[in-house]
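*Asks:* Show me how the following folds:
(one chain, ligands or ions: 2)
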Amino acid sequence: MRHFQESVYRLIVETSTNLPGDVRQAIRKARELEDKGTRAALSLSTIANNIEMAEYNVSPICQDTGMPTFIIHVPVGANQIVMKQQIYEAVKRATQDSKLRPNSVDSLTGANSGDNLGPGTPVIHFEQWERDDIEMKLILKGGGCENKNIQYSLPAELEGVGKAGRDLDGIRKCIMHAVYQAQGQGCSAGFIGVGIGGDRTTGYELAKQQLFRRVDDVNPVKELRQLEEYVMENANKLGIGTMGFGGEVTLLGCKIGVMNRLPASFFVSVAYNCWAYRRQGVILDASTGEIKEWQYSAGEKVDVTLGEAESAAADQGGERRQVVLQTPITEEQIRELRVGDVVVINGLIHTGRDALHKYLMDHDSPVDLNGSVIYHCGPVMQKDENGEWHVKAAGPTTSIREEPYQGDILKKFGIRAVIGKGGMGPKTLKALQEHGAVYLNAIGGAAQYYAQCLKKVEGVDFMEFGIPEAMWHLQTEGFAAIVTMDSHGNSLHADVEKDSLEKLAQFKEPVFK
Ligand SMILES: O=C(O)C[C@H](O)C(=O)O
Ligand code: SF4
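*Replies:* Ligands and ions are numbered 1, 2, ... in the order given. Prediction:
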């Protein structure tokens with residue numbers, strides 16, 4: 001097993017930086033279906049560029065490299081203790097090399113372990129099988145889409161679709177509702193794994209196992225195949241679209257598994273995975289640990305960029321107004337902006353997410369934030385030999401988590417723009433209107449695309465919060481994002497949510513009897 005550790009490292013790097021062929025194919029199909037010139041088409045075009053950049057740079061597709069979860073099948077007699085130790089070493093090395101973001105946080109103190117190791121992380125499941133070789137699968141599922149997982153206990157009364165009973169049609173309603181409730185916050189268009197039955201734990205496990213199926217496989221169970229086909233056809237009618245911007249494509253894949261349950265329980269568990277669907281697998285020689293085979297069509301060249309001419313067509317033709325702003329920004333400049341405008345930011349901006357927002361509620365800011373831009377982002381950073389920091393991956397994080405704080409913080413410090421993804425709620429919308437600020441939606445997961453706009457690290461505060469939660473002061477050039485909440489009380493997110501709830505109600509009548 002001389003090569004085992006190196007093979008684990010290679011699997012981590014490949015998973016984090018290169019989307020497999022079946023996932024690329026699904027994204028390519030989405031691009032072909034989406035109306036040219038819309039916000040959704042523009043976002044998909046950015047996503048496609050980002051996928052190519054990540055492969056080329058060998059850098060994380062998304063800055064949130066998730067909870068590394070390994071599923072390993074071993075022949076009888078394989079030493080699992082040694083393998084575990086070597087997986088830890090490989091995870092540590094991949095973190096040092098900025099292929100993984102340090103993502104393991106003490107739940108009580110908030111301290112980041114810095115190397116992705118700690119109680120419960122990474123997740124490693126071993127199982128024996130009768131073959132002579134080793135199969136090792138890895139999924140890197142980020143926190144934003146993990147937050148959109150949902151578990152239903154049937155019977156239930158569900159918003160939009162009404163009563164869901166303990167039968168196939170009740171399950172259908174749960175799945176449609178699951179896609180609706182995720183909106184764009186889990187970086188749609190996404191993939192879902194569904195587990196029917198089990199208990200609360202095994203139901204979710206079954207749902208996550210479905211995410212290891214190939215996007216293009218066919219379910220051998222007839223009822224489930226029909227249900228998968230139904231969901232794929234109808235979920236896209238919800239009109240949520242890429243990043244929740246509205247559009248034709250909301251779901252890229254749906255895989256459903258079933259297991260027995262207790263008489264009293266009937267769970268339907270749904271695991272939501274963002275478009276940055278990073279999972280890969282290898283078959284290893286059990287004596288040397290060398291990689292014999294890649295699963296999920298690694299390196300299979302599926303061009304997600306659609307070629308230059310078509311890409312240009314996707315980007316053009318909308319009625320988007322583009323406004324270039326240099327920080328610090330004035331209230332007058334903000335009041336000019338409307339939902340739908342594209343804003344290009346140049347100048348100094350500051351990252352801030354959960355820990356910082358909580359802190360700023362009752363403390364001062366270490367830097368002047370008047371006229372400034374706060375970016376909801378937890379980047380992957382690397383320090384060079386001269387001690388200088390570089391941004392390796394830096395897409396937005398889900399903004400709604402800052403809803404309790406954002407409005408107050410905007411006003412307290414004179415912030416004029418917030419960049420994030422997924423939108424924010426009524427409290428923030430009101431504050432944007434009263435104070436004169438905007439919410440800018442960046443494309444979730446496009447971490448390479450945005451990293452290239454972040455030219456220089458001017459400084460950092462609160463390193464004690466850990467790299468993702470620290471406040472990074474960054475010089476930007478050409479950072480483009482879309483106004484989705486303006487200072488006149490308009491919110492694209494509120495509109496899409498309302499609209500999609502009405503559309504969800506179309507699916508109330510029974511389909512599977
Ligand atoms: O933690 C992050 O950087 C992003 C997270 O995965 C999210 O989707 O909000
Ligand atoms: S930011 Fe989006 S793409 Fe990245 S892990 Fe979170 S949900 Fe996935």
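
*Asks:* Would you mind naming what in the stretch 301-450 of the chain lies close to ligand 2?
*Replies:* Proximity of the stretch 301-450 of the chain to ligand 2 (CB under 6 Å from any ligand atom) is limited to residues 395, 444, 445. Any C-beta I mention is one placed from the backbone N, CA and C, and that applies to glycine too.

*Asks:* Let me know the closest of those to ligand 2.
*Replies:* residue 445 (2.8 Å; CB to the nearest ligand atom).

*Asks:* can you pull the contacts of the residue of the chain found nearest ligand 1?
*Replies:* Residue of the chain nearest ligand 1, by CB to the nearest ligand atom: residue 144 (1.6 Å). Residue 144 sits next to 64, 185, 186, 187, 274, 397, 398, 421, 422, 444 when contact means CB atoms under 8 Å, 6 or more residues apart in numbering.

*Asks:* Who wins on neighbours among the residues of the stretch 301-450 of the chain next to ligand 2?
*Replies:* Within these, most neighbours by other CB atoms under 10 Å means residue 445, with 33 neighbours.

*Asks:* circling back to that earlier point, do any residues in the strand or helix carrying the residue of the chain closest to ligand 1 lie close to ligand 2?
*Replies:* For residue 144, the host element (DSSP states H and E) is helix 143-146. Yes: applying CB under 6 Å from any ligand atom, one finds helix 143-146 in contact with ligand 2 at 144, 145.

*Asks:* Only C-alpha atoms, please: export that helix in PDB.
*Replies:* This file holds the C-alpha atoms of helix 143-146, laid out as PDB (Å, rounded to 0.1, in the frame of the first residue of the first chain):
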ATOM      1  CA  GLY A 143     -22.500  23.700   3.400                       C
ATOM      2  CA  GLY A 144     -24.900  25.900   1.500                       C
ATOM      3  CA  CYS A 145     -26.600  23.100  -0.300                       C
ATOM      4  CA  GLU A 146     -26.300  20.900   2.800                       C
END
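
*Asks:* which is the next helix or strand following that helix?
*Replies:* strand 150-153.

*Asks:* other SSEs contacting that next one?
*Replies:* Packed against strand 150-153 by the contact rule (3 or more CB pairs under 8 Å, 6 or more residues apart in numbering; DSSP states H and E) you find helix 168-182, helix 200-210, strand 267-273.

*Asks:* got those as a markdown table, with mean pLDDT columns?
*Replies:* As requested, these are exported to a markdown table (pLDDT from 0 to 100):
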| stretch | mean pLDDT |
| --- | --- |
| helix 168-182 | 98 |
| helix 200-210 | 98 |
| strand 267-273 | 98 |
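
*Asks:* Check these for me and report the most buried one.
*Replies:* strand 267-273 (a mean of 27; mean count of other CB atoms under 10 Å).

*Asks:* which of the residues of the stretch 301-450 of the chain next to ligand 2 are close to ligand 1?
*Replies:* Checking those against ligand 1 (CB under 6 Å from any ligand atom), the matches are residue 444.

*Asks:* Tell me the one of the residues of the stretch 301-450 of the chain next to ligand 2 nearest residue 28?
*Replies:* residue 445 (16.1 Å; CB to CB).

*Asks:* Pretty sure the closest one sits against residue 275.
*Replies:* Yes: assessed by CB atoms under 8 Å, residue 445 is found in contact with residue 275 at 6.2 Å.

*Asks:* got a list of contacts for the one helix or strand residue 434 maps to?
*Replies:* Element membership for residue 434 (DSSP H and E) is helix 426-435. With CB under 8 Å, 6+ apart as the test, helix 426-435 has contacts from 403-404, 406-408, 410-411, 418, 437-439, 485-489, 491, 494.

*Asks:* Now intersect those residues with the helices, please.
*Replies:* 403, 404, 406, 407, 408, 410, 411, 494 (DSSP state H).

*Asks:* Relative to residue 208, how far out is residue 140?
*Replies:* 12 Å (CB to CB, to the nearest Å).

*Asks:* Over to residue 52?
*Replies:* Counting by CB to CB - residue 52 and residue 208 are separated by 28 Å.

*Asks:* For the closest residue to ligand 2 within the stretch 101-250 of the chain, give me its contacts.
*Replies:* Nearest residue of the stretch 101-250 of the chain to ligand 2 (CB to the nearest ligand atom) works out as residue 142 at 2.0 Å. Contact partners of residue 142, counting by CB under 8 Å, 6+ apart, are 62, 64, 65, 66, 187, 274, 276.
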